[in-house]
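# Have a look; sequence and predicted model below, questions after that.
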Amino acid sequence: MMGLFHVKHSNFDVVVVGGGHAGCDAAHAAARAGARTALVTLKFDGIGVMSCNPAIGGLGKGHLVREIDALDGVMSRVADAAGIQFRLLNRRKGPAVQGPRAQADRAVYRATMQKEMTSFPGLEVIEGEVTDFRMDGNRVAGIVLADGSEISAGAVVLTTGTFLRGLIHIGDHSYSGGRMGDNAANLLGQRMDGFGLPLGRLKTGTPPRLDGKTIDWNILDSQPGDEDPVFFSFQTKGLEIRQVSCGITHTNAATHEIIRNNLERSAMYGGYIEGVGPRYCPSIEDKVVRFADKDSHQVFLEPEGLNDDTVYPNGISTSLPQDVQEAYVRSIRGLEEVKILQPGYAIEYDYVDPRALDSRLGLRDVPGLFLAGQINGTTGYEEAAAQGLVAGLNAAKEALGADPVTFSRTDSYIGVMVDDLITRGVSEPYRMFTSRAEYRLSLRADNADQRLTGKGIEAGLVGEVRKAAFGDKMERLTRGKSLLEDTKVTPKVLNSNGIKVGEDGKQRSLYQVLAFADVEIQHLVDIAPELAELDAETQAQLKKDALYATYLSRQEQDAAALRKDEARVIPNSFDYSGLESLSNELKMKLQRVRPANLAQAGRIEGMTPAALALILARLNRENREKSA
Amino acid sequence: MDTIFALASAPGRAGVSVIRISGPGSLPALARFGVTDPVPRETLLRSLRDGQGALLDQAVVVYFRAPASFTGEDVVELHLHGSPAIINATLRELGEVPGLRMAEAGEFTRRALENGKMDLAQVEGLADLIDSETEAQRRQAQRVFSGKLGEVVQGWRRDLLRAAALLEAVIDFVDEDVPVDVRPEVEALLARVSASLKVQADGAEVAERVRQGFEVAILGAPNAGKSTLLNYLAGRDAAITSSVAGTTRDVIEVRMDLRGLPVTLLDTAGLRETEDEVEAIGIERARARAEAADLRIYLLEPGEEPRFALQPGDIALHGKADETGDPEGISGRTGQGIDALVARITRIFADRSALVATATRERHRLAILRAMGYLATAQEMLGQEMATEDVIAEELRSAIRALDSLVGNIDVESLLGEIFSSFCIGK
């Protein structure tokens, strides 16, 4: 026994627990960053399972997937390979708010992800139930499996979704469990309780799954994908599998009547659920009650795969008993004869208040342990994968003794999400929206690589193929941009080339001209013929970059000030109680959030520049004392 | 880095008032006043002129070149004649200079710190500043949000929140059950806010509210000498004074300038039990106004306890000292004790007015002007098909940020709250 407590060498640098979306991108990122990594999962088959709707991306979420791709992550590639319907949302509302989205074939997604996890050197998949952590003092130094074996590691990433006190509700029945059919890993939960972390309770729901063979598709509207699909990965060149359409139907007065008559049998309305659900994903019970004047709600019928007849009816998640689910589903047009393959259910679970995390997604008070995904109070595959990437990368850095790599609100949606989580916490399952990003015009899906691939290369995350392609792309963009910036023209020249501007005598660079909404590069070719040599992709990207140039310079000053404050790191041990001039209220807030830097401190409600100055002064003094 | 400016000396009338400007734009700002020949660390007497070339003031101008200055940046100090009119005009002029903005409380200090110009001991002195600023801001917010102006400002908030929520809803919740074209409604909302902002910027109820300055209610039993005191302070017969108890049946307001601070004195009906209906109404009004005032002075008769719950900082004194011979009392007839009283009142308000007085008015006016600019652009874009929702939303976000100090923070949570309560989201 003695030997076990004195293992000198780690078996692995990083152990990732859980094979969901957070776990996969965490394990892959850790391995890319050079760490010997183990992905430990209950069942190999569970890797890459899409347990909710069969779609990836959307607004804000699509941005996250693009950023994962820019850092050479896996979700983007796998989603492209499994995509059976691609749509770029907001095509007409400006590139900054365009988000790629795809319906995915569940089986292909899972198989492709499993292949990714087993084909990367330095990444090993281990099947087993994690029952405990190995502790080294207060430090997490590995895991213990159900068979008693131990794996030591420099850092552990926990991505176990809804396992903490997960409780599934179908009507008035409830039982403990993770996903349907999974066992909730409650032994590990006891260890987690021992850490004394702040916890909260959330809930989420799913609709019943339908048998597509029993749907009358002929009488329903359908929504096809885009003719020219936009992919998640900058490296994907074309479609890999056959494309399909989604069906659209609607609930009606009869549906609502059935639901209203059975409300007290719903887990939600019967008072069986205490967790807080997301406002943007209400159950059909919620919709009927809260929007009582609406007699119809949209339902998207999303096919789960090319060789799978299961259909996911998006828009009618529920915790009503099975017989009621059957009755209301069959009241919907096209679903009169439908067979339910698996009833809808609500699940409630504990999450760790993410304010206990630092910007690496490591727990501040439990060194060596990182958390990512639903356990942090978020929802969505994309949010989970992006957190997995951050946690996996930084777990690797910690295990290898290298500096952390963190993200900023000014460089990415990833940075926005991490900062929101660790400074504000969550009051409902956190989901990304573009409106959360104050630098939305610069954080676009189309320029995710320009923003992040360089950073990814520095962090050691990016493979050779992408590195070369990125270098080549940047070179073309730089050449095109300087061509545009160096060519200056008068209003007269512009007008004679069919581009209307006022005769204000002002010289403009072609880059400035390209910022006009109705000007494309092809309109400028007569003025600067070399532009014709630029490839179509470069031309289109330059147009998008130019479109926002004026806004970017407006935002740059704010962003620069923010970055400067982000560089003022506040140590975790900083003692706010010593700042006597601060009000007690502010002290308590600061003590709770423990901001990682001055910028985060500034975002705490009630902070003033004067209070920030006080913190800064104390920081300066401590730094001086340290260096003295 | 922005260039910031603020009144560096105490607000109100004084022999000399100092405005400090710090940042890379300090010298260009000085040039705008027509002063182009500053020499570091030399005092120069110069005429400051506004944008139209009209004389603002003869001022002593001092230039400190970076890094040898209070903040470590280029700093210009304008030593002006200490009149609120001159200070206002100069602050207003500075606000028009691109790249310049009014400093937040503590901002000069923060810059000094960042540039290694200050040590912690000096910064600890900020404690009082933080407290008094917070208190001043709280009071200012109460002022802005109360009464008729409060309704106007709440209206802006409501309309801006709704407009932003509509735009964000069509951006973030496409495919959901949201209206396809929100532009007409957004356009109408922005037009309404813009029009209302313009009224404020022109006539400026906001300005009026602050210009009124502080309210001081004079309270006491009937015939305690309240009106006599008011008249003495005002130097004219504003309230009818007579020796018949209960003369002042309504609240009488007199605006005056108390050592440079704008103050409104309220003479109130004497507080006593009465069966006279008209007088009872007067007493009720007196109580209500006194509650809302910034400060209360209670004139006591010998041996009397105040018939009113005074608040911390309020003043209770014996009146009619000319009759009672009380050396600690005051008299509006002989002027005894009045100087000390005025000093006490102005000291209280000078402490409270660090932010409130002129600076706040100017800050709000500039905020409104900035917001109007962004809204005008947004409105123009709403009518253009080529202009996309992402940039229109950006202009609106900028307008909302500019009005932050007036309408309160409208963050993403407030927007989502508005969206989720208006639309059935969740496909």
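Okay, I see it.

# Going by C-alpha atoms from here, please, whenever you check contacts or count neighbours.
OK.

# quick one: the residue of the stretch 251-400 of chain A found nearest chain B and residue A:208, what's the gap?
Nearest residue of the stretch 251-400 of chain A to chain B, counting by Cα to the nearest Cα: residue A:315, 3.8 Å away. According to Cα to Cα, to the nearest Å, residue A:315 stands 11 Å off from residue A:208.

# before we move on, what about residue B:2?
57 Å.

# likewise residue A:372?
Distance, residue A:372 to residue A:208, using Cα to Cα: 28 Å.

# More neighbours: which of these two?
Shown here are residue A:372 and residue A:208; by other Cα atoms under 10 Å in any protein chain shown, residue A:372 has more neighbours (31 against 25).

# so the more buried one makes contact with residue A:393?
No: using Cα atoms under 8 Å, residue A:372 is not in contact with residue A:393, being 11.6 Å away.

# Distance from whichever strand or helix holds residue B:227 to the middle of the chain?
Here residue B:227 sits within helix B:226-234, counting by DSSP states H and E. Between the centre of helix B:226-234 and the centre of its chain there are 27 Å (Cα atoms, centre = their mean, to the nearest Å).

# And that helix, what does it pack against?
strand B:214-220, strand B:261-267 (3 or more Cα pairs under 8 Å, 6 or more residues apart in numbering or on different chains; DSSP states H and E).

# so what strands line up beside the first one?
Pointing back at strand B:214-220 there. Strand B:214-220 pairs in its sheet with strand B:261-267 (parallel), strand B:295-300 (parallel), by DSSP bridges.

# right, and residue A:153 touches residue A:35 too?
No: using Cα under 8 Å, residue A:153 is not in contact with residue A:35; the gap is 10.2 Å.

# okay, and the common contacts of these two?
A:12-14, A:399 (Cα atoms under 8 Å, 6 or more residues apart in numbering or on different chains).

# Domain-wise, how is chain A divided?
Domain assignment of chain A by automatic domain parsing yields the ranges A:9-162+A:196-204+A:349-458, A:209-346, A:464-551, A:568-627.

# For my notes, please list those in CSV and give mean pLDDT for each entry.
As requested, these are arranged in CSV below (pLDDT from 0 to 100):
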stretch, mean pLDDT
domain A:9-162+A:196-204+A:349-458, 96
domain A:209-346, 94
domain A:464-551, 93
domain A:568-627, 81
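
# any low-confidence regions in the stretch 1-150 of chain B?
B:10-14, B:105, B:119-149 (pLDDT under 70).

# Okay, strands next: where are they in it?
Using DSSP state E, counting those that start in this stretch, the strands of the stretch 1-150 of chain B run over B:3-7, B:16-22, B:43-49, B:55-64, B:75-81, B:100-102.

# Point me to the helix or strand that includes residue A:385.
helix A:381-399.

# before we move on, the earlier item: format the helices and strands packed on helix B:226-234 as JSON lines; extra columns: mean neighbour count and mean pLDDT.
Converted to JSON lines, the helices and strands packed on helix B:226-234 look like this (neighbours: other Cα atoms under 10 Å in any protein chain shown; pLDDT from 0 to 100):
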{"stretch": "strand B:214-220", "mean neighbour count": "25", "mean pLDDT": "85"}
{"stretch": "strand B:261-267", "mean neighbour count": "24", "mean pLDDT": "78"}
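
# Next, format the ones you listed as a markdown table and append distance to residue A:20.
Putting the helices and strands packed on helix B:226-234 into a markdown table (distance: least, Cα to Cα, whole Å) gives the following:
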| stretch | distance to residue A:20 |
| --- | --- |
| strand B:214-220 | 63 |
| strand B:261-267 | 66 |
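
# Quick check: which of those strands is nearest to residue A:229?
strand B:214-220 (65.1 Å; Cα to Cα).

# Show me the residue sitting in the middle of chain A in space.
Centroid-nearest residue in chain A: residue A:383, 2.0 Å away (criterion: Cα atoms, centre = their mean).

# How about the secondary structure of residue A:197?
What DSSP: H, G, I helix; E, B strand; the rest coil gives for residue A:197 is coil.

# That one is in contact with residue A:352, isn't it?
Yes: applying Cα under 8 Å as the test, residue A:197 and residue A:352 come out as touching, 6.7 Å apart.

# Next, show the common contact partners of those two.
In contact with both residue A:197 and residue A:352: no residue, using Cα under 8 Å, 6+ apart.

# Compare neighbour counts for the two and give me the winner.
Each of residue A:197 and residue A:352 has its neighbours counted (other Cα under 10 Å); residue A:352 has more, 22 against 16.

# how near is the closest residue to that one other than its chain neighbours to chain B?
Computed as Cα to Cα, 6 or more residues apart in numbering or on different chains, the closest residue to residue A:352 that is not its neighbour in sequence is residue A:199, at 4.6 Å. According to Cα to the nearest Cα, to the nearest Å, residue A:199 and chain B sit 22 Å apart.

# and the gap between residue A:199 and residue A:616?
Distance from residue A:199 to residue A:616, by Cα to Cα: 31 Å.

# buried set for stretch A:605-618?
A:608-618 (16 or more other Cα atoms under 10 Å in any protein chain shown).

# Secondary structure for the residues you listed - can I get that in a markdown table?
Listed next are the buried residues of stretch A:605-618 as a markdown table, based on three-state DSSP:
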| residue | secondary structure |
| --- | --- |
| A:608 | coil |
| A:609 | helix |
| A:610 | helix |
| A:611 | helix |
| A:612 | helix |
| A:613 | helix |
| A:614 | helix |
| A:615 | helix |
| A:616 | helix |
| A:617 | helix |
| A:618 | helix |
